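>>> could you work out the structure for the sequence below:
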Amino acid sequence: MKYKIPLIAILVLAIVLFFVNQQESVYIRQIYDSAFDFKKGYLRDTTRNFINDIETTKNDSILVFNFTVDLCIEEMSSAVKNRRTAPQAIVRYFEGRADPSMWAAVLVDSKTQKLLGRYGSVIGDDWDGDMAQVYGGFCTSRTITDPSTSLTLVYGITTEHLEKTVQGIFTSRIHKYRFTDGAYIFMFKVNDYAGGENFAYRFAHPNQQLENHSVSTKGGVAGEHWYADMLAAIRETGEYFGEYDFADPDSGKSIPRLSYSCVYDSYDWIITMTTDRDLLTEYVNSTSAVNNVMLVRTLLPAGIVVIAVLILLLFLQMIRDRRKLQHEADVLIDRINWDELTHANTRQFGADELDHIFKNFKHGFASPALMLLDVDNFKGINDTYGHDAGDLVLKKIIETVYANCRASDKIIRWGGDEFVGIFDGMKLEYCTLFADKLLKAVSSIPFVLHGKQVSVTVSLGFAFFRNEDASYKDALNRADQALYQSKARGKNQGRVL
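Numbering: from 1, shown residues only. Below is the predicted model of the structure:
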């Protein structure tokens, strides 16, 4: 009997250690999976926000170009009054501008559609008189027709110049951006979605030595396999998660990295954000090491004293580990669902919620009111007072929005200074009243930035689901159109479509 007790103790201790080891393995796997999912969400949301910023910058540039084009109307109207000198006058005018490469003009006989003169490259020498081809080459243009001379002039700023302008802005930003965990963004333009040699070229990268390089999906290099896999996924879904080994040009080492890629259709750009995968493994290993130390300090002395206490401590340890895991999971969920700055819901949460609500609508439920909110002149606030002031403005505005909403309403940070509201049960006729109430509340916020009283306003767009909608995105697009109308009509307004 006296020999059985030590044997039983050893057996129980071995069983305890076995179950502790199993628990630790599950714990490490769950921590790794949770951290990996959080990292994927971080890459996806940051990249999509970056694309939203590209779209906003493009639209802002078009507004500026519209104003610039309007400044030329008087000179262009005068030029087309003289049929004989019009072609030379137009060329001289645009060659004398500060940036002649941004402009293009096409002069035609409005009766015969014969090309009489041109400036820039929106059409070629083989132009067949199709005016749609002419207008397609401009991002913004004006048309002047003079009946007395039978001349029609189309002039403006080219789509090619707009793309170069936006490309230059975001290439500069990529050079300056700094992220944690060794993350960075790079961009390339696709020439051929079928892949192959030189299917795209990389034009923006934090390491400028890697810019203006063609990339290929053929060959034996590991990175080329990543391009092939990425391009296949982009063709199918428009986005791609993947891993690849990056050859560091400075150290010569091969570094494993996680990546997320998404296409910006307007320019056939692919934006990729990537981060160091080894840092994720190091985080999981460090968490595991701390947990192992705690297990040893807690269980080993108890096992030496009495087996019963050892079993009890094992039970308590398992409960504690479960609670710790649950707490860490809750923290990760909070990071995924809530925007840290404004305390609005994140875009990932919002997309899931909108998809769920839209499915309910398709099954007979009433449509909620959807609202798009955009801060007027927010870029100017950031440029004038700094990003800390911009952050303060966003926080105060969303606090005010929440103060004027019900507890059941949801506010989502969709990207940058754009927010989506979901108002269940709000009728169409109440949208205007609610918009007026919200606009008045926001415009009354007493902002003091750098010692200066500043008035901040927002513009709103409302929409509802329709039976013909294929997804919630159709309703959001209408809300975006309504928001655009509010902006175009002077801002600090709300519109319903």
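
>>> tell me which residues are up against the helix or strand containing residue 438.
Element membership for residue 438, per DSSP states H and E: helix 428-443. Contact with helix 428-443 is made by 369, 371, 397, 400-401, 403-404, 423, 426, 455-458, 460, 462, 464, 492-494, 496, as judged by C-beta atoms under 8 Å, 6 or more residues apart in numbering. Where C-beta positions appear, they are placed from N, C-alpha and C, glycine not excepted.

>>> how far is the strand ranked longest in the chain from where the chain is centred?
Of all segments of type strand in the chain, defined using DSSP state E, the longest is strand 254-264. From the chain centre to the centre of strand 254-264 is a distance of 15 Å (C-alpha atoms, centre = their mean, to the nearest Å).

>>> within its sheet, name the partner strands of the helix or strand following it and how each one runs.
Sequence order places strand 269-276 as the next helix or strand after strand 254-264, per DSSP H and E. Within its sheet, strand 269-276 is paired with strand 184-190 (antiparallel), strand 254-264 (antiparallel), according to DSSP bridges.

>>> any idea which of these scores lowest on pLDDT?
For the strands paired with strand 269-276, the weakest mean pLDDT is recorded on strand 254-264, namely a mean of 86.

>>> now, of the contacts of helix 428-443, which are buried?
Buried members of the contacts of helix 428-443, counted by 16 or more other C-beta atoms under 10 Å: 369, 371, 397, 400-401, 423, 426, 456-458, 460, 462, 464, 492-494, 496.

>>> ok, back up a step: need the strands paired with strand 269-276 in a markdown table (columns: distance to residue 208 and mean neighbour count).
Shown next, in a markdown table, are the strands paired with strand 269-276 (distance: least, C-beta to C-beta, whole Å; neighbours: other C-beta atoms under 10 Å):
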| stretch | distance to residue 208 | mean neighbour count |
| --- | --- | --- |
| strand 184-190 | 11 | 20 |
| strand 254-264 | 19 | 19 |
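
>>> could you point out which of the ones you listed sits nearest residue 448?
Using C-beta to C-beta as the measure, strand 184-190 is the one of the strands paired with strand 269-276 that comes nearest residue 448, at 34.5 Å.

>>> mind listing what's buried along the helix or strand that comes right after the closest one?
As assigned by DSSP H and E, the chain's next helix or strand after strand 184-190 is strand 200-204. By neighbour count with 16+ other C-beta under 10 Å, strand 200-204 contains the buried residues 200, 202-204.

>>> would you point out the most distant pair within those residues?
Maximum distance among these (C-beta to C-beta): 12.3 Å, for 200 and 204.

>>> shared neighbours of those two, anything?
By C-beta under 8 Å, 6+ apart, residue 200 and residue 204 have these common neighbours: residue 188.

>>> how near is residue 268 to residue 192?
Distance from residue 268 to residue 192, counting by C-beta to C-beta, to the nearest Å: 10 Å.

>>> residue 488 too?
Distance of residue 488 to residue 192, computed by C-beta to C-beta: 38 Å.

>>> repeat that for residue 73.
The value you get for residue 73 to residue 192, if C-beta to C-beta is used, is 40 Å.

>>> now residue 378
For residue 378, the distance to residue 192 (C-beta to C-beta) stands at 38 Å.

>>> neighbour count: these two, which is higher?
More neighbours surround residue 378 than the other of residue 378 and residue 192, with 19 against 13 (other C-beta atoms under 10 Å).

>>> do I have it right that the more buried one meets residue 417?
Yes - with contact defined as C-beta atoms under 8 Å, residue 378 counts as touching residue 417 (4.1 Å).

>>> what is in contact with the two at once?
Common neighbours of residue 378 and residue 417, counting by C-beta under 8 Å, 6+ apart, are residue 390.

>>> helices along the stretch 301-450 of the chain, start to end?
Counting by DSSP state H, counting those that start in this stretch, one finds helices in the stretch 301-450 of the chain at the ranges 307-337, 347-362, 378-385, 387-403, 428-443.

>>> using TSV, lay out those together with distance to residue 176 and mean pLDDT.
Formatted as TSV, the helices of the stretch 301-450 of the chain follow (distance: least, C-beta to C-beta, whole Å; pLDDT from 0 to 100):
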stretch	distance to residue 176	mean pLDDT
helix 307-337	25	60
helix 347-362	24	95
helix 378-385	14	94
helix 387-403	13	95
helix 428-443	31	95
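
>>> which of the ones you listed sits closest to residue 59?
For the helices of the stretch 301-450 of the chain, proximity to residue 59 was assessed by C-beta to C-beta; helix 378-385 is nearest, at 11.3 Å.

>>> that closest one relative to helix 387-403, how many degrees between them?
Going by axes from the mean of the first three to the mean of the last three C-alpha atoms, to 10 degrees, helix 378-385 is angled at 140 degrees with respect to helix 387-403.

>>> contact partners of helix 378-385?
Under the criterion C-beta under 8 Å, 6+ apart, residues 60, 375, 389-390, 393, 416-417, 449-450, 454, 456 lie in contact with helix 378-385.

>>> repeat for stretch 352-363
So stretch 352-363 is in contact with 345, 365, 367-368, 370, 410, 412, 420, 422, 424, 465, 469, 471-472, 475-476, going by C-beta under 8 Å, 6+ apart.

>>> quick one: it to chain centroid distance?
Relative to the chain's own centre, stretch 352-363 is displaced by 22 Å; criterion: C-alpha atoms, centre = their mean.

>>> just the buried residues of that stretch, please?
By 16+ other C-beta under 10 Å, the buried positions in stretch 352-363 come out as 353-354, 357-358, 361.

>>> state the pLDDT value of the closest residue to residue 468 other than its chain neighbours.
Once flanking residues are discounted, residue 468 sits nearest to residue 474: 8.0 Å by C-beta to C-beta, 6 or more residues apart in numbering. pLDDT, residue 474: 97.

>>> from here on, count from 8
I'll keep to 8 as the first residue from here, and by that count the last item is residue 481.

>>> ok, residue 481 - how many residues close by?
15.

>>> likewise residue 249?
17.

>>> OK, contacts around it?
So residue 249 contacts 233, 236-237, 240, 265-266, 268 (C-beta under 8 Å, 6+ apart).

>>> now residue 83: how far from residue 96?
Taken as C-beta to C-beta, the span from residue 83 to residue 96 is 9 Å.
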